[in-house]
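Asks: based on what follows, work out the 3D shape:
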Amino acid sequence: FKQKGDMADDDHELVLLEDGWRRVYRDGILKLQRIILGGGTGVSSGGNDEAKTGGGNEFTNSEYSELYTLIYQMCIQKKPHCYTAELYDRFSSTVSDFLKQNAVPALRDKHGSFLLAEFVRQWQNHVLHAKWLCNFFRYLNRFHVKRYNKTRLENVATLAFRQIVFDTSVVNVTAALLDQIECDRDGESVDRTMLRDAIQVYVEMGIGNTVVYVDKFETHFLSATQQYYRRECGRWLSSFTVPQHLIQAQDRQEQERLRLREYLHEKCTEAKLMRVLFTSLLGEPQRQLFESPTSGIRVMLEEHSLSDLSRLFALYSYEAESLPPIADVLKSHVAKVGSEMIDKAQSDEKESQVYIEELIKLHDKYSTMTRQCFKNHTVFNRALTDVFQQLVNRSSIDTSDLLSVYMDRMLSQSAGVRLDEKARQGVLAKCVSIFAYMFSKDVFNTHYRKRLAKRLLLQKSVSDDLEKFVIMQFKVRVGHQFTSKVEGMMNDMRLASEHSRGLRQYARNHSDVSESPYEFSVQVLTTGYWPPYGSEEIKMSPVFEAGVQLFRRYYDSITNHRVLKYIHHLGVVTLTGGFERKKLDLVLSTLHANLLLVFNDVDELTIDELTQRTGMTPESVKKVLRALVSGRAKVLLKTPAQGYNTSHKIRVNWSYTNSMRRVRISNVTTRSSKAADRKAAQHAVIEDRKHVIESRIVRIMKTRKTLKHAQLMSEVSQQLMSLFRPQPKQIKQIIEDLISRDYLERDENDNDVFHYLA
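Replies: Down below sits the predicted model:
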């Protein structure tokens, strides 16, 4: 190899191309190829001086070092003896020749799993061959490739494999892969490691991208998958119920996910494969599955099959557009069940009494289903809200009144409900959930306040804590404005005890005031908070008048002379009657007691005389006498007994007796028909709405100063939606009224624009 007098600059002997290549090929390339083809695993490295191969050959570190040094010397010699370009080309031809001589013949005439096994083996041989050739020629990668912008040696080797082996066999290899995957899907035993290694070759052919994998394998794989599962789906539809079909689909999804992890390109293929599975197994037969008369969604709902519904949602939640049809079936089913409940409540009075209880159970049942099976998805929550809004706001049944009655039972001591306070809270919280679906919440508020007032004034409430709990629930749902009146009522009751203590202290501190000879208390009800009660001016008995005047003086001392109007029919008095057989304590209203006290001074009076002495209206006297003469407690006698005339005479029935010492006399003056109550409630709601709309308009205009008509209408409607749904006509009327009262004015140039007047 030496030529006399021809030395490199660094005192190394000159190496000519052919001489050097002959040594590289003989001592390096041929020996490496013999090791690979003989079954060896590589060249010695690391801490071992020699590596034993399966073929009995050796490749030592010193040999590898000599080869690297030889190639390095051939690359750093000065021109014309620098052979980097020639070595680069011969590296490529060496790889190509090895593949043509070994890989191509080995793959010829092989099919199926044998083809795949050989394909994987030839790729692994090529990888090992290319790896060590790149190590031998590493200097080319470090300098020649970078300097002349050449393809790296590893990529040259990969491109050679693709052109010589992959491109010529890819059709057969892909077909064999698809066949093996189908066998795997059918439950046959396949070598998944071999499949993984074969599919990885497609990825490697892309040299950093998945274009080859997608074009040459994935596209065909997805097409074959779709065909396979369409056949499976057709078989399931003809032999399985819908729940069984869903179980099979879920199992298949899990199996395919396992294949993704074990031998497919998971990151690239997962989304596409799941889409194909959904379309083939669930999307295309969706209507047939949903509407199956024997096992579809409606049947699942009727049988309350939570596990099947959960699986249905889990599978179809993959495609958001598939959920609304499921929610529509749920909505239709709940509407049907709820309508049947309402029809029963309308036809049977006993059913109407338990209607709210059944409605709560229905809401609980399907709220739980929505939470557990449908994971509180917005589509199903919206469907549930829509259907319960339809049921609760049906005009054929007064749900607001029935709900207030039911809640009154839960909050009253005398209702006979055997539940502890925690259980009552749970039921009341569910009642508030039903209330939230009402459009006219102010109508319910009117009914609720009326019954709350009765509980508070008659001291029949279970506890103040429970009342406050309900108020807080309402406040969370609707806001402070809705609860302001009931909170005011509760505050009035709290102040009543303070007034009782203050009254006693006032009497002790003023020598000119004598304490009342009897125990009494006054509850001051703030106008506007409480339901409207008619007050009637009467001539008070001197016994009562002393207490009234005492409280008047006390109340004026702590307030700015506020006006007090007594609602006598709501007052409660206990009178002790000295009847012939025994003394009885009569519990009655102030009106009844005031009339009875008249007979302390006289034995007998005509009805006309009673009217004059008490100052009551003839109609009120008639109602009071009905309870005292014709009721269960016949404390008074009327002569004659039949008919009613102001000339008839009234006297005390001294022979009256009762097995109980304490006798409660019904207050018939407060009774009214349901129709009258409903009419009064409607009138109160109309008046309240008028004031609420008016205040909102003024508030909005005060903030905005100037607004167009459409904007004002929209903002008012939006703000009031949580309480009730205002009619546009009513809003327009109130706007006109505010203009006439100089709160607003129209723009001079545009009648559609309003201005606020300070």
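Asks: then stretch 248-263 to CSV, C-alphas only?
Replies: What follows is stretch 248-263, C-alpha atoms only, in CSV (Å, rounded to 0.1, in the frame of the first residue of the first chain):
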residue,chain,number,x,y,z
GLN,A,248,-70.3,-6.3,22.2
ALA,A,249,-69.5,-2.8,20.9
GLN,A,250,-67.8,-1.9,24.2
ASP,A,251,-65.8,-5.1,24.2
ARG,A,252,-64.7,-4.5,20.7
GLN,A,253,-63.5,-1.0,21.5
GLU,A,254,-61.4,-2.3,24.4
GLN,A,255,-59.9,-5.0,22.2
GLU,A,256,-59.0,-2.4,19.5
ARG,A,257,-57.4,-0.2,22.1
LEU,A,258,-55.3,-3.1,23.3
ARG,A,259,-54.1,-3.6,19.7
LEU,A,260,-53.3,0.0,19.4
ARG,A,261,-51.0,-0.3,22.4
GLU,A,262,-49.4,-3.6,21.4
TYR,A,263,-48.7,-3.3,17.7
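Asks: buried residues in it?
Replies: 248-249, 252-253, 256-257, 259-260, 263 (16 or more other CB atoms under 10 Å). The C-beta positions use only the backbone N, C-alpha and C, and glycine is treated the same way.
Asks: could you give the mean pLDDT of it?
Replies: The average pLDDT for stretch 248-263 rounds to 96.
Asks: what does that stretch contact?
Replies: With contact meaning CB atoms under 8 Å, 6 or more residues apart in numbering, stretch 248-263 is reached by 181, 184-185, 192-193, 195-196, 199, 229, 232, 236, 240, 266, 269-270, 273-274, 277, 281-282, 311, 314-315.
Asks: now list the buried members of those.
Replies: Buried members of those, scored by 16+ other CB under 10 Å, are 181, 184-185, 195, 199, 229, 232, 236, 269, 273, 277, 281-282, 311, 315.
Asks: taking the buried residues of stretch 248-263 one by one, which sit in helices?
Replies: Among the buried residues of stretch 248-263, DSSP state H puts 248-249, 252-253, 256-257, 259-260, 263 in helices.
Asks: and the residues you listed, which is closest to R455?
Replies: A249 (56.3 Å; CB to CB).
Asks: would you map the strands across this protein?
Replies: 572-578, 583-589, 604-606, 636-639, 649-652, 662-664, 706-708, 744-746, 753-756 (DSSP state E).
Asks: F91: which of those is closest?
Replies: strand 706-708 (80.9 Å).
Asks: turn the ones in helices among the buried residues of stretch 248-263 into CSV, including distance to Y533.
Replies: Converted to CSV, these look like this (distance: CB to CB, whole Å):
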residue, distance to Y533
Q248, 69
A249, 66
R252, 71
Q253, 68
E256, 73
R257, 71
R259, 78
L260, 75
Y263, 83
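Asks: looking at the residues you listed, which is nearest N393?
Replies: When those are compared against N393 (criterion: CB to CB), the nearest one is A249, at 39.5 Å.
Asks: hang on, the earlier thing: pull the most distant pair out of the buried ones among the contacts of stretch 248-263.
Replies: I199 and R311 (31.1 Å).
Asks: among the buried ones among the contacts of stretch 248-263, which are in helices?
Replies: Using DSSP H, those in helices are 181, 184-185, 195, 199, 229, 232, 236, 269, 273, 277, 311, 315.
Asks: do you know how far the closest residue in space to L503 that isn't next to it in sequence is from E498?
Replies: Counting by CB to CB, 6 or more residues apart in numbering, L503 lies nearest to Y554, which is 5.0 Å off, once chain neighbours are set aside. Going from Y554 to E498 by CB to CB, to the nearest Å gives 12 Å.
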